[in-house]
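Colleague: Need the 3D shape of this:
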Amino acid sequence: MSGTRGLFIPGPTNVPQAVRLAMDIAMEDQRAPDLPSFTLPLFADVKKVFKTEQGQIFLFPASGTGGWEAAMANTLSPGDKVLIARFGQFSLLWADMCQRMGLEVDVVDVPWGEGVPVEIFAEKLKSDKTHSYKAVLVTHNETATGVTSDVAGVRRAMDDAKHPALLFVDAVSSLASIDFRMDEWGVDVCVSGSQKGFMMPAGLAILAVSQRALDMRKSARALRCYFDFEDMMRTNKDGYFPYTPPLHMFRALRAATDLLLAEGLENVFARHHRLAEGVRRAVHAWGLKLCAKDPKWHSDTVSAILLPEGFDSAALVRHAYTKYHMSLGMGLNKVAGKVFRIGHLGDLNEIMCLTAIAGSEMAMRDLSVPVEAGSGVAAAMEYYRGAAGSTALKNAA
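Modeller: Numbers count the residues shown, from 1 in each chain. The predicted model follows:
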């Protein structure tokens, strides 16, 4: 089939031309004397995306999963107790990693379609008089179910309980797309990745770490080598790395960060909300429901859409891929075969979202899912005309 395949999974996302071109360079000397003039300003500007002045940036050649491991290995010890909620595939995998690393994991199971239960966390933290919890783990945006949790609410609960635990946040599918405020929310470690809001290929774990968390590395007894913050800090301060770095990815990160800061983070968040709301209106017009059980959980980066009983979402995703040259997200684990996902994050606009909606609508009708032709497209189109049109007219004036 001619044309470009529509990529509407929640990551990897579309890579803008400026980012692709930034990677298309000859190999560089990772020990060149002028490398710090590139790397040190890059560290400083990536901090702005996390909204931190105090946090330290770490760039590891890894996925977000490697970022999880780096976060825990540098701050915790086997036997340490952590608190985490499990409400989707990625919060489940993070809890599993904690257990496999020898931590004592207090897992709060929540129905898939809800997020971090702040009230339950608050009760547990207040009851923990001996401060046995060493860290509280929050998946900011659960990609499998299209649910965003209240990180600021968890911080308030920790402060109300006067609890000294570290606050870890998985922001892989939220950073640079949904508002995140590391310093204001008192986040100690934030883990993200290159392939979602940063609009890059997969392969870079991007972390921001508070000074309090950095201090914990002195007593943390978890084994670590490749992911050791100490090695990174010793060389990063001068603009270098302890092993051969993926400089082409850093060039891409420079270009992506420039795009984000040029658009303005608040504008980036507003754009993601606008695009997501159009998709949600389409879902409503189809007569379908989101996996997210309440509007307070709605994600602005991915919508997980429930098909009616008797329809297989995996078959729908395959059909959209083969017939319409379009990639949608599959349902994972507990929601496998029940939901399909439209990712609406990164380098995306209204017309692109309408493509995802139209393609999904055609695929559903091909498989006899009872949706009215044009209903979702029309609902999203009318919303986008009003929501985006006023901004465009203002800019044109």
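Colleague: Dead centre of this structure: give me the residue that sits there.
Modeller: The residue lying closest to the centre of the chain (CA atoms, centre = their mean) is Ser173, at 1.2 Å.
Colleague: Phi and psi next, for that one.
Modeller: For Ser173, the backbone dihedrals (degrees, to the nearest 10) come out as phi -100, psi 20.
Colleague: Gly239 now?
Modeller: Torsion angles, degrees, to the nearest 10, at Gly239: phi 90, psi 10.
Colleague: Ala205 now?
Modeller: phi -90, psi 130.
Colleague: Now do the same contact list for it.
Modeller: 58-64, 66-67, 70, 191-194 (CB atoms under 8 Å, 6 or more residues apart in numbering). Placement of C-beta: from N, CA and C, glycine included.
Colleague: Could you tell me which of these count as buried?
Modeller: 58-64, 66-67, 70, 191-194 (16 or more other CB atoms under 10 Å).
Colleague: out of those, who's nearest Pro201?
Modeller: Of all the buried ones among the contacts of Ala205, Ser194 has the smallest distance to Pro201: 6.7 Å, by CB to CB.
Colleague: Confirm for me that the closest one is in contact with Met249.
Modeller: Yes - contact criterion CB atoms under 8 Å: Ser194 and Met249 qualify, at 6.7 Å.
Colleague: Tell me, how many residues neighbour Gln54?
Modeller: 12 (other CB atoms under 10 Å).
Colleague: what's the pLDDT at it?
Modeller: The per-residue pLDDT reported for Gln54 equals 93.
Colleague: likewise Gly389?
Modeller: pLDDT, Gly389: 53.
Colleague: now Ser2
Modeller: 83.
Colleague: so what sits against both of Ser194 and Met249?
Modeller: With CB under 8 Å, 6+ apart, Ser194 and Met249 have common neighbours 200-201, 203-204.
Colleague: From those residues, pick the one nearest Leu354.
Modeller: Met200 (24.8 Å).
Colleague: show me what contacts Ala282?
Modeller: 357, 361, 375-377, 379-380.
Colleague: Just confirm Ser192 is within a strand.
Modeller: Yes - assignment of Ser192 by DSSP: H, G, I helix; E, B strand; the rest coil places it within a strand.
Colleague: and it, bridged to which residues?
Modeller: Beta-bridge partners for Ser192, by DSSP bridges, are Ile206.
Colleague: Hmm, Ile84 is touching Leu93, no?
Modeller: No - with contacts defined as CB under 8 Å, Ile84 does not count as touching Leu93, sitting 10.9 Å away.
Colleague: what about these two, which has more around it?
Modeller: Ile84 (24 against 19).
Colleague: if I look at the nearest residue to the more buried one once chain neighbours are set aside, how far off is Asp150?
Modeller: In space, and not counting its chain neighbours, Ile84 is closest to Leu137: 4.1 Å by CB to CB, 6 or more residues apart in numbering. For Leu137, the distance to Asp150 equals 14 Å [CB to CB, to the nearest Å].
Colleague: Tell me which of these two has more neighbours.
Modeller: Between Leu137 and Asp150, counted using other CB under 10 Å, Leu137 has the larger neighbour count: 28 against 18.
Colleague: For the more buried one, what are phi and psi?
Modeller: phi -110, psi 130.
Colleague: what does the strand or helix carrying Arg365 rub up against?
Modeller: Using DSSP states H and E, Arg365 sits in helix 350-366. Helix 350-366 has contacts (CB under 8 Å, 6+ apart) with 6, 8, 14, 274-275, 278-279, 282, 286, 305, 307, 316, 319-320, 323-324, 326, 328, 340, 342, 344, 371, 373-377, 380-381, 384, 388.
Colleague: That's all I had, so thanks and see you.
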